[in-house]
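Chemist: missing the sequence, but the structure's below:
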C-alpha cells in the first residue's frame, strides 16, 4: 500500500490544466458563456416545448468522440437538464434525434426505423464532421457517409468533436430561427 502512495506522490497530477483568463485565474462557467447560453436555451425550450425538450441520441457508426462530448452535457458542470433538455431512451418519446458518425451500412436500416418511430413534429441534428459530410470515411462499401444521405437533416453541428458549448449552441440555433 505504501508503494502505491509513494508512486502517486512522486508522479503528481497528470490531468490537463483549466483554461486561464487574462488574470491567470481559472475560467468559470460564467466566463465561458455557459449561463447566458443556458438561459437562452431554457427560454426557447419553455416557449416552444412547454418546458422540456426530449432528445434521442443515435450512434450511427462514430468513433465515440462526439458521444463523449454529448455525455458531458449531462455532467455536473454543464447539467443541460437544468435548462429543460432531457435525453430519452426511446425515439417514441423524442422531439429531436441527435445523430453522430458517418452512417455505416449496418446502421442504415436501424437509423431509418428510428426516424420513422419518432413522433411528428421531429427534428434531426447531425453532430460532428462525420455526421455532416461523412468525415474521413466518406461514402464507401461500408459507409453511407453523411446522415443527410439516409434521413432528412434539419441542422448540423460541425466539429471533430464539437464541444458541449457548441452542442448547446447548435440545439439553440435550430429552434431560434
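Modeler: Alright, I've got the coordinates. Because the structure is a prediction, the values reported are computed rather than measured.
Chemist: looks like residue 129 contacts residue 160 (just checking).
Modeler: Yes: using Cβ atoms under 8 Å, residue 129 makes contact with residue 160 at a distance of 4.6 Å. C-beta: built from backbone N, CA, C; applies to glycine.
Chemist: more neighbours: which of the two?
Modeler: Regarding residue 129 and residue 160, a neighbour count based on other Cβ atoms under 10 Å identifies residue 129 as having more, with 21 against 13.
Chemist: quick one: list the elements packing against the helix or strand where residue 131 lies.
Modeler: Residue 131 belongs to helix 128-133 when assigned by DSSP states H and E. Using 3 or more Cβ pairs under 8 Å, 6 or more residues apart in numbering; DSSP states H and E, the elements in contact with helix 128-133 are helix 65-72, strand 96-100, strand 155-157.
Chemist: got JSON lines for the ones you listed, with mean pLDDT too?
Modeler: Output for those, formatted as JSON lines (pLDDT from 0 to 100):
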{"stretch": "helix 65-72", "mean pLDDT": "92"}
{"stretch": "strand 96-100", "mean pLDDT": "94"}
{"stretch": "strand 155-157", "mean pLDDT": "94"}
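Chemist: next, count neighbours for the closest residue in space to residue 86 that isn't next to it in sequence.
Modeler: Take residue 86 and drop its neighbours on the chain: the residue closest to it by Cβ to Cβ, 6 or more residues apart in numbering is residue 54, 5.4 Å away. Other residues lying near residue 54 total 18 when counted by other Cβ under 10 Å.
Chemist: are we agreed that residue 54 is in a strand?
Modeler: Yes: counting by DSSP: H, G, I helix; E, B strand; the rest coil, residue 54 is located in a strand.
Chemist: list the contacts of it.
Modeler: The neighbours of residue 54, taking Cβ atoms under 8 Å, 6 or more residues apart in numbering as the test, are 86-88, 93-96.
Chemist: residue 43 - that's part of a helix, no?
Modeler: Yes: counting by three-state DSSP, residue 43 is part of a helix.
Chemist: coming back round to it: who touches the helix holding residue 131?
Modeler: By Cβ under 8 Å, 6+ apart, helix 128-133 touches 60, 62-63, 65-66, 99-102, 126, 135-137, 145-147, 156-162.
Chemist: could you redo the last one with a cut-off of 10 Å?
Modeler: With contact meaning Cβ atoms under 10 Å, 6 or more residues apart in numbering, helix 128-133 is reached by 58, 60-63, 65-67, 69-70, 98-103, 124-126, 135-139, 143, 145-149, 153, 156-162, 167.
Chemist: check which residues of stretch 61-80 are buried.
Modeler: 61-63, 65-67, 69-70, 72-73, 78, 80 (16 or more other Cβ atoms under 10 Å).
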